[in-house]
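J.: Can you look at this prediction? I've put the sequence above it.
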Amino acid sequence: MAQKKLALPPGVSVIRQGKAYVIFRDGHEAIGGVIVSETTQGNTQLQPYMNVDASDNKAVIAFVAQQMTDALLQHQAQKPLNEQLPIFTENVPDNVQVIENKSFPCSRCNSIIAKLIFVPEAATASALLAMAQKLELDAFVSPYPVWLIGAPDSQNDDIAQHLTLQIAPVKGEVYWQHPDHMNQRLIELDIEHRCTHHHGVNLKKDLH
């Protein structure tokens, strides 16, 4: 984990227990935490979970998880490729589902600009909306776009479109989209971020 101090609300603390980072209220009530795990793709991900179902706890856990995720990804992006090793844990609670996801950092400053969460088992709009409810905690305080990518409508990758749903920072409608269109959107987000946050970026040059 990158050595970056978390900005915690009053009365909230985070203690590492194995591969989990447990979040406490008032030093004794464990309200949830974040599990560090490895996907089948070899990517490190942080999976938040909640012990007590209350809206104030949800906000705290999501806030902490968002900071940890962004700090880890920015830290990893600064390393040489041969040092970007995944973290693996077998200590994942039975009620925690590890889901494939990929975050995209700005090509200049490594700030996270978007995230895709892959749920290929979601083959219908209703199934994708149900998964969005399960992942509400992940996207609760996300300042950047987060999309769910569901099942394709064809086994032919050249023409297949995937069920797609944006769940953060605002929730949209389910639609079908080809991966090439999503890739173009990610490129546009990168350019927009650099133009907004960095001086000396030539928008017309970057678009070609």
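T.: That came through fine.

J.: Give me the contacts around the longest helix along the chain.
T.: Longest among the helix segments of the chain by residue count, using DSSP state H, is helix 55-77. Contacts of helix 55-77 from elsewhere in the structure, counted by Cβ atoms under 8 Å, 6 or more residues apart in numbering, are 1-2, 4, 6-9, 12, 14, 21, 23, 25, 31-34, 44, 46, 48-51, 84, 103, 105, 110-112, 136-143. C-beta here means a position set from N, CA and C on the backbone, and glycine is covered the same way.

J.: List the pairing partners of the lengthiest strand in the chain within its sheet, with orientation.
T.: Identified as the longest strand of the chain according to DSSP state E is strand 29-38. Using DSSP bridges, the strands paired with strand 29-38 are strand 20-25 (antiparallel), strand 44-50 (antiparallel).

J.: now the angle between helix 55-77 and the first one, please.
T.: Looking back up the chat, that one is strand 20-25. An angle of 140 degrees separates the directions of strand 20-25 and helix 55-77 when computed by axes from the mean of the first three to the mean of the last three Cα atoms, to 10 degrees.

J.: Can you show me the helices along the protein?
T.: Chain-ordered helices for the chain, with DSSP H as the definition, fall at 55-77, 125-134, 136-139, 179-197, 203-206.

J.: where among the ones you listed is the average confidence lowest?
T.: If the helices of the chain are sorted by mean pLDDT, helix 203-206 sits at the bottom with a mean of 40.

J.: Can you pull the domain assignment for this protein?
T.: 12-83, 101-206 (automatic domain parsing).
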